[in-house]
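> Okay, here's the prediction I keep looking at, along with the sequence it came from:
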Amino acid sequence: MTRAERWLSALHRRRRVAIASVVCAALGLGAMARTIRVDNSLDVWFVDGDPALAAYDAYRERFGNDEIVVIAAVAPDSAYAPAALERVRAASDRLAEHPLVRRVNSITRGLHVSGSAGAIDIEPLLGDGPVTPEEAERVRARVEADPAFRGVVIGRDERTTLILVEPRVVDDFDAVRSDLLADIRAIVDDTLRSGGATAHIGGLGVVYDGLNAASMRDSAVFVTLSYLVLLGGLWLLFGRWVWVAVGAAVATVTVVATLGIAGWAGRDLNMVTGALPTLLITVGLMDLVHLIDAGTGGGRRALAAMAVIAAPCAVNTVTDAIGFSALASAPLAAVRDLGWLAAAGLAVGLASVFAIGVPAVVRFGGAAPRRAGGDIVARATAALYRVARDRRGAVLAGTLAVFAISAAGIARLDVDTYTIGFLDEDHPVRRDHAAIERHFGPYVPLELEVDARADGGVVRPELLRALDRAERAVEAHPAVSRVTGLPEIVKRVHQVYMDGDPTAYAIPGDARVVAEELLTYSFSADGRDTLDALVDPPQRRTHITARTGLPTARGIAAIVRDAEAAARGALGDRADVRAAGYLPLYVRIIQYITETQLRSFALCLVAVALVLVALLRSVKLGVVALVPNLLPALMTLGLMGYCGIRLDVATVLIASIAIGIAVNDTCHILFRYRHERRQPGATPTSAVEATMRHAGHAVVATSVLLIAGFSVLAFASVQSLAYFGVLTAATVAFALVADLLVTPALLLAVDADATTRNAR
């Protein structure tokens, strides 16, 4: 009796303890899964202490939350109609009263500056009371007199006006964002959508919320569908409901325990980790299929048969866990979480497979007699083996050609991320975003923070003039619609001081005049500090706001680069300028994607190679194991390049995951080959033939199950999950062909005895 058989026999004798242990552990850990939510916010893509994230937090402390919720109110005729102003005022006032809202800017609540020298009045554009036609015309005149409102709260066609809602900076804003947006939507429905008027809600926080909701829905629906498809596949493969029940038990224990570990560690699901349950279910059931397939007949013979494949099952878990653990070094927090959670889940899955699966196979007799499908698989496997044996040179030459074709496709890969593009085109968030841009134009804020170098800070006249030139230079960019900042305030206040003289809309030349006018302006009639959103208390820093779209990260990077260059050119050595707020972080994700892909792929490849060489105790077999597993990963990346699928935050891990999944069946083939090669009188050719005859059915069965399970995800509404499913299914299909065709050819090529036999 071999060591593996003795171990399985001991496990079978203590089966009640083993089963109770894994079930109790799953239940205990699973209780922590209730704390898990979906979070696709910035924090999941950055590590704690990241300089870019720290700079973003510092900016928010100085100037507030730049995650502005933008509400576009579209009137049937004119935004200045009394009824339209009534609606906007009602919405603005109710929004301003929300405890999570810091301030609201709109065509009714925007601050209007009036008066004359020594008597400046600062009040909302629209006062209380009924909105008469005369009052509506007064609002129009006030807006048209102040350029700071144009392109900020009123659109080009005067039918569309924006309500800009700035949330408060609170701890863990991600936890309350959804509730705030739900309240905003309710207010919009009550106040703005009546009398033929429409309204659209947009902004970065709205995109986050849409992704979170869609990810949660897809995770629940499609993980369940994958689960059912895989269980149905077990019945089709083996024709017995007992294996469906055992598969359900293994999958449930694995997923519940892993999600419990995530909850215990305070981790949430996101676009990357949302695929974790499907990944664990499919990989876990692969080992179960091999156990069932080997254990035909049950009893002691089943233990002996399962002992042959127990080692590759364990090796697969080790290699997969090491491959995923390599992701722990990734700069993206979401990727790191997927790495260690997948490694932990795979360990739980292996324990569940052996604790539940081995006693079940011994008791119920493993696989049922093969159906007609089994004969088809056997014939197909045998045919591929004959091609690999008789046309070995052509197979290996074809493999090299596929490597070259894949490399050409990889060279065409586009490394980029389009966050809103993860949602379907008909998703309400995307529809609203498109509607706002259609009616109003680009509206997403791009902040440029300015830090004065000399004494006097940002309120020095010469710096204000340079800042005004910087705004116009940035505004000239074709992707920017409007740029505003402190100069607009200074010019408007000075114009009012000069009794409304149109030529006085300019920066005063005297620093004392600027200081006096800003002091008068700094507090509105209701006691609000009107400058706290623009200037920090020491008056050393300010920021200008450019309105742009929400293109891909690479598109944003180009806009940021151009905007910084234009602003620096206008400011010269008077001040330092740098992009601030959310969008620069969005750009930084591109750098992290590239680093993550290269690092995770390299680490995974090296780790898997070393483990395979050590456990197979053969450098030759280790190399043989790598080729048919590296090939599917490169083929998938090449396919992405040819199909125009971006390498982004959703697909960045495909290559590493591909190696982890593809190596499993290869490992079973190689362990079986080593077993057959040790039999008396075995030759490389006979050993390969016996290997494919014994392992071929299980390899095909597990691959078909994986393809079916992952393909279900193709119908997910979140593009990241859909691409993950399609690309992983494609990788498994590529790996199946490589295992049945390339692996036998390589085994025959590297074994010296094969050459001798063929020569004779």
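Ah, there it is.
> Look up how far residue 411 lies from residue 487.
47 Å (CB to CB, to the nearest Å). Every C-beta, even on glycine, is put in place using the N, C-alpha and C of the backbone.
> who's more crowded, the two?
Neighbours per residue (other CB atoms under 10 Å) separate residue 487 from residue 411, with residue 487 holding more: 25 against 9.
> pretty sure that one is in a helix, no?
Yes - according to DSSP: H, G, I helix; E, B strand; the rest coil, residue 487 belongs to a helix.
> residue contacts, it?
Counting by CB atoms under 8 Å, 6 or more residues apart in numbering, residue 487 makes contact with 464-465, 467-468, 471, 507.
> Identify, from these, the entry nearest to residue 339.
residue 471 (44.4 Å; CB to CB).
> Which of the contacts of residue 487 ranks first by neighbour count?
Ranking those using other CB under 10 Å puts residue 467 first, with 27 neighbours.
> What sits closest to that one if chain neighbours are left out?
Leaving out its chain neighbours, the residue that sits closest to residue 467 by CB to CB, 6 or more residues apart in numbering is residue 487, at 5.4 Å.
> Relative to residue 518, how far out is that neighbour?
On the measure of CB to CB, residue 487 and residue 518 end up 12 Å apart.
> and residue 649, helix, strand or coil?
Reduced to three states by three-state DSSP, residue 649 is coil.
> Residue 211 is in contact with that one, correct?
No - applying CB atoms under 8 Å as the test, residue 649 and residue 211 come out as separate, 10.9 Å apart.
> higher neighbour count, those two?
More crowded of residue 649 and residue 211, by other CB under 10 Å: residue 649, with 27 against 24.
> Distance check, the closest residue to that one other than its chain neighbours against residue 586.
Spatial nearest neighbour of residue 649, chain neighbours left out: residue 417 (5.3 Å); criterion: CB to CB, 6+ apart. Taking CB to CB as the measure, residue 417 and residue 586 are separated by 8 Å.
> who's more crowded, the two?
Higher neighbour count among residue 417 and residue 586: residue 417, with 25 against 20, using other CB under 10 Å.
> ok but that one is inside a strand, no?
No - counting by three-state DSSP, residue 417 is located in no strand; its state is coil.
> got the phi/psi numbers for it?
phi -140, psi 130 (degrees, to the nearest 10).
> Same check on residue 71?
According to degrees, to the nearest 10, residue 71 has phi -110, psi 120.
> which ones are touching residue 86?
Residue 86 makes contacts with residue 131, as judged by CB under 8 Å, 6+ apart.
> what about the residue positioned nearest the centre of the chain, distance to residue 175?
Nearest to the mean C-alpha position of the chain, by CA atoms, centre = their mean, lies residue 271 at 3.7 Å. Distance, residue 271 to residue 175, using CB to CB: 18 Å.
> just to revisit the earlier point, look at the residue nearest to residue 467 and report its pLDDT.
In this model, residue 487 is scored at 94, pLDDT.
> can you list the weak-confidence ranges in the stretch 301-450 of the chain?
326, 366-375 (pLDDT under 70).
> show me where it has strands.
444-452 (DSSP state E, counting those that start in this stretch).
> May I have the secondary structure class of residue 44?
Residue 44 ends up helix, using three-state DSSP.
> would TSV of the contacts of residue 487 with secondary structure and pLDDT be doable?
Converted to TSV, the contacts of residue 487 look like this (DSSP: H, G, I helix; E, B strand; the rest coil; pLDDT from 0 to 100):
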residue	secondary structure	pLDDT
464	helix	95
465	helix	95
467	helix	96
468	helix	96
471	helix	96
507	coil	94
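> What is the most widely separated pair among the residues you listed?
471 and 507 (11.9 Å).
> which stretches of the stretch 151-300 of the chain form helices?
Counting by DSSP state H, counting those that start in this stretch, the segments of the stretch 151-300 of the chain that form helices are 173-191, 204-238, 241-264, 276-294, 299-325.
> Would you tell me which of the ones you listed gets closest to residue 364?
helix 241-264 (5.1 Å).
> Tell me what angle that closest one forms with helix 276-294.
150 degrees (axes from the mean of the first three to the mean of the last three CA atoms, to 10 degrees).
> Which elements pack onto helix 241-264?
helix 15-30, helix 204-238, helix 276-294, helix 333-352, helix 358-364 (3 or more CB pairs under 8 Å, 6 or more residues apart in numbering; DSSP states H and E).
> want to throw those helices into CSV with distance to residue 87?
Shown next, in CSV, are the helices and strands packed on helix 241-264 (distance: least, CB to CB, whole Å):
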stretch, distance to residue 87
helix 15-30, 49
helix 204-238, 20
helix 276-294, 45
helix 333-352, 41
helix 358-364, 66
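> now, of these, which is deepest in the fold?
Comparing these by mean neighbour count (mean count of other CB atoms under 10 Å), helix 276-294 comes out on top with a mean of 26.
> Using PDB, write down the CA coordinates of that one.
The C-alpha coordinates for helix 276-294 follow below in PDB (Å, rounded to 0.1, in the frame of the first residue of the first chain):
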ATOM      1  CA  LEU A 276     -13.900  34.700  -6.800                       C
ATOM      2  CA  PRO A 277     -16.900  32.400  -6.000                       C
ATOM      3  CA  THR A 278     -17.100  31.200  -9.600                       C
ATOM      4  CA  LEU A 279     -13.400  30.600  -9.600                       C
ATOM      5  CA  LEU A 280     -13.400  28.600  -6.400                       C
ATOM      6  CA  ILE A 281     -16.400  26.500  -7.400                       C
ATOM      7  CA  THR A 282     -15.000  25.600 -10.800                       C
ATOM      8  CA  VAL A 283     -11.500  24.800  -9.600                       C
ATOM      9  CA  GLY A 284     -12.700  22.800  -6.600                       C
ATOM     10  CA  LEU A 285     -15.100  20.700  -8.700                       C
ATOM     11  CA  MET A 286     -12.200  19.900 -11.100                       C
ATOM     12  CA  ASP A 287     -10.500  17.800  -8.400                       C
ATOM     13  CA  LEU A 288     -13.800  16.200  -7.400                       C
ATOM     14  CA  VAL A 289     -14.400  15.100 -11.000                       C
ATOM     15  CA  HIS A 290     -10.900  13.400 -11.100                       C
ATOM     16  CA  LEU A 291     -11.700  11.600  -7.800                       C
ATOM     17  CA  ILE A 292     -15.100  10.400  -9.100                       C
ATOM     18  CA  ASP A 293     -13.700   9.400 -12.500                       C
ATOM     19  CA  ALA A 294     -10.900   7.400 -10.900                       C
END
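> packing partners for that helix?
Looks like helix 276-294 contacts helix 204-238, helix 241-264, helix 299-325, helix 333-352, helix 358-364, helix 654-677, helix 684-711 (3+ CB pairs under 8 Å, 6+ apart).
> got the angle between it and helix 654-677?
10 degrees.
> For stretch 750-760, give the mean pLDDT please.
50.
> Next up, the contacts around the closest residue to residue 164 other than its chain neighbours.
Distances taken as CB to CB, 6+ apart put residue 105 closest to residue 164, at 4.4 Å, once the chain neighbours are dropped. Residues in contact with residue 105 (CB under 8 Å, 6+ apart) are 152-153, 163-164, 166.
> Now render the residues you listed as JSON lines, adding pLDDT.
Listed next are those as JSON lines, based on pLDDT from 0 to 100:
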{"residue": "152", "pLDDT": "91"}
{"residue": "153", "pLDDT": "91"}
{"residue": "163", "pLDDT": "96"}
{"residue": "164", "pLDDT": "95"}
{"residue": "166", "pLDDT": "94"}
